[in-house]
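> Can you look at this prediction? I've put the sequence above it.
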Amino acid sequence: MADLHVVFWAPNPEAARQALGRLEARWHKAYPKAIALTLYRFEDYTRFFSEPVRFWTILRSNNLLERFNLELRRRLRVAGTMHSELEVLKLTWAVSEAQEHRWAKRKLWTKRTAQPMKMAA
């Protein structure tokens, strides 16, 4: 896992490709299917390198989106008992607003430095 971490948290695309080569050389015999999955469409998984550096931390991980989807599903489970589409829309809006507020508090980057900041757990 540490070798895979080096690939996706590389400082630039060239370093990521070099780390990928080391990962493949080291682990291909032991885990051929896992390495094949890692190599498959690798450029799609590292497309964030074409974006400004300050967004890399957000784009490397989809945890924020997964958390939002999980919360939305949890709240909408009761949607079968709702009487109108408007009630579902109100609930979806409320969950979205709460999530937006949580994201805003995390301060993922600063405008002054334009550098990514570590996200709090």
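Looks like it came in fine.

> CA atoms for contacts and neighbours, from now on please.
OK.

> care to break the chain down by domain?
In the domain annotation for the chain, the residue ranges read 2-50, 57-106 (automatic domain parsing).

> Those domains: lowest mean pLDDT?
Lowest mean pLDDT of those: domain 57-106, a mean of 80.

> Please compute how far that one lies from its chain's middle.
On the basis of Cα atoms, centre = their mean, to the nearest Å, domain 57-106 sits 16 Å off its chain's mean C-alpha point.

> ditto for stretch 23-35
24 Å.

> Touching that stretch from outside, list them.
With Cα atoms under 8 Å, 6 or more residues apart in numbering as the test, stretch 23-35 has contacts from 3-4.

> Now the longest helix along the chain: buried residues?
What stands out as the longest helix in the chain, according to DSSP state H, is helix 85-106. Within helix 85-106, the residues that count as buried by 16 or more other Cα atoms under 10 Å are 88, 91-92, 95-96, 99.

> Distance to A34 for those - can I get that in CSV?
Putting these into CSV (distance: Cα to Cα, whole Å) gives the following:
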residue, distance to A34
V88, 40
L91, 40
T92, 37
V95, 36
S96, 35
Q99, 34
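
> Out of those, which is nearest to V53?
Q99 (23.9 Å; Cα to Cα).

> State the distance from that closest one to R73.
Relative to R73, Q99 is positioned 13 Å away (Cα to Cα, to the nearest Å).
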